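J.: Okay, structure incoming, though there's no sequence with it:
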């Protein structure tokens, strides 16, 4: 399932890495495409959306719905 989040406080490559690591920690098989310019994070994963969102928030970022 493909899920897209807007993460307005994702500002740089380090942010992309931190978010990617947070998602990978709950789903090592996830395919993650994050872009700090567009503020979009696309995740291909079978993990429930709420768990993906929680991982991003727990990493210190805001998720807009």
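T.: That came in fine, so what should we check first? Quick caveat: nothing in here was measured; it's all calculated off a predicted structure.

J.: When you work out contacts or count neighbours from here on, use the C-alpha atoms and nothing else.
T.: Noted.

J.: For this structure, which segments count as strands?
T.: Along the chain, the stretches classed as strands by DSSP state E are 2-6, 31-35, 40-44.

J.: Of all these, which one is nearest residue 17?
T.: Closest to residue 17 of these, according to Cα to Cα: strand 31-35, at 8.7 Å.

J.: So for that closest one, what gets flagged as buried?
T.: 32, 34, 35 (16 or more other Cα atoms under 10 Å).

J.: From those residues, pick the one nearest residue 46.
T.: For residue 46, the closest of those turns out to be residue 32, at 12.4 Å, with distances computed as Cα to Cα.

J.: and the longest helix anywhere in the chain, what does it pack onto?
T.: In terms of residue count, the longest helix belonging to the chain (DSSP state H) is helix 13-26. Counting by 3 or more Cα pairs under 8 Å, 6 or more residues apart in numbering; DSSP states H and E, the packing neighbours recorded for helix 13-26 are strand 31-35, helix 49-58.

J.: still on that earlier bit, quick check: which of the strands of the chain is nearest to residue 15?
T.: Distances from residue 15 to each of the strands of the chain were compared using Cα to Cα; the minimum, 9.3 Å, belongs to strand 31-35.

J.: What helices and strands are in contact with the closest one?
T.: Under the contact criterion of 3+ Cα pairs under 8 Å, 6+ apart, strand 31-35 touches helix 13-26, strand 40-44.

J.: what's the offset of the shortest one from the middle of its chain?
T.: Okay, so that is strand 40-44. Between the mean C-alpha point of strand 40-44 and the mean C-alpha point of its chain there is a distance of 6 Å (Cα atoms, centre = their mean, to the nearest Å).

J.: mind checking which of the helices and strands packed on helix 13-26 is nearest residue 5?
T.: Of all those, the one in closest proximity to residue 5, counting by Cα to Cα, is helix 49-58 (8.0 Å).

J.: if we can go back for a sec, can you put the helices and strands packed on helix 13-26 in a markdown table and add mean pLDDT and distance to residue 9?
T.: Below are the helices and strands packed on helix 13-26 laid out as a markdown table (pLDDT from 0 to 100; distance: least, Cα to Cα, whole Å):
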| stretch | mean pLDDT | distance to residue 9 |
| --- | --- | --- |
| strand 31-35 | 98 | 12 |
| helix 49-58 | 98 | 11 |
